[in-house]
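> This is the structure alone, sequence omitted:
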DNA sequence: CCGAATCCAGCGAGATACTG
DNA sequence: CAGTATCTCGCTGGATTCGG
């Protein structure tokens, strides 16, 4: 069970995508800006995976230039507290024993 | 921040190890039995990583044959609710839209 | 029983370039 | 703007073997 369920947030930058969407819908290039090291290819792959898993929704607006918005589903929103809990533990580990993390500007 | 904190549960079978230890201390081969597909090498690697990160403790008992127990630290225990939340979402996705998971005997 | 050492293969991520 | 198409490369995990 655990292993399969973990697939929901598997893949590079998947947690970051969910994290970036926690405050509301965002567009492709906004997400790309939120997560500088991610490439278009990988971001695109992750978004389509997360969509097919029911974590997020994709809205295409027939404007010119094209505009696509992504937002979390109700189920996707339920992942936020989980990620927050992990971040909490990470923080405490950092403080308690000076565990070295790499630099990362994003909250 | 998120990215570094996620490192705490990174690596194959790391979440499973934490999951298996949630009910109390377990020995190396018990963990290996709990997580059939994991190899000794990887389990060993993961345990030492998780130990160095402060997620779990390693107790060596000077018996013969050797006996080593692993148990979660307080910080490690804080990860349990996070994993449970993810499992909850996984379950709901499975039910709501018949998303196909692979077979897995473990709870 | 609990690992460490070695070797190897695969997959997935990164870079780059291109399109509607 | 929002992706897709290739290609390469490196890491990580699997299998196996050996040791305290």
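Arrived safely. Every value quoted in this text rests on a predicted model; they were computed, and no experiment measured them. Residues are numbered from 1 along each chain as shown, chains lettered A, B, ... in the order given.
> residues near whichever residue of chain A sits closest to DNA strand C, how many?
Among the residues of chain A, residue A:12 lies nearest to DNA strand C; the distance is 3.3 Å by Cβ to the nearest atom of the strand. Any C-beta I mention is one placed from the backbone N, CA and C, and that applies to glycine too. The burial metric for residue A:12, expressed as a neighbour count using other Cβ atoms under 10 Å in any protein chain shown, is 16.
> ok, now residue A:62?
Residue A:62 has 6 neighbouring residues, counting by other Cβ under 10 Å.
> Please report how far it lies from residue A:71.
As for residue A:62, its distance to residue A:71 is 18 Å (criterion: Cβ to Cβ, to the nearest Å).
> Any regions of chain A where pLDDT drops low?
By pLDDT under 70, the weakly predicted segments of chain A are A:97-107.
> sorry, back to before: what about the residue of chain A closest to DNA strand C, distance to residue B:49?
Counting by Cβ to Cβ, the gap between residue A:12 and residue B:49 amounts to 19 Å.
> Tell me who's in contact with the residue lying closest to residue A:50 once chain neighbours are set aside.
Distance criterion Cβ to Cβ, 6 or more residues apart in numbering or on different chains; nearest residue to residue A:50, sequence neighbours excluded, is residue A:56 at 4.9 Å. By Cβ atoms under 8 Å, 6 or more residues apart in numbering or on different chains, the residues touching residue A:56 are A:17-18, A:21, A:47, A:50, A:70-73, A:76.
> Just the buried ones from those?
Neighbour counting with 16 or more other Cβ atoms under 10 Å in any protein chain shown marks A:17-18, A:21, A:47, A:50, A:70, A:72-73, A:76 as buried within those.
> which one of these is nearest residue B:36?
Proximity of the buried ones among the contacts of residue A:56 to residue B:36, judged by Cβ to Cβ, is greatest for residue A:50, which lies at 28.7 Å.
> that older thread, is the residue nearest to residue A:50 bridged to anything, and to what?
Under the criterion DSSP bridges, residue A:56 forms beta bridges with residue A:72.
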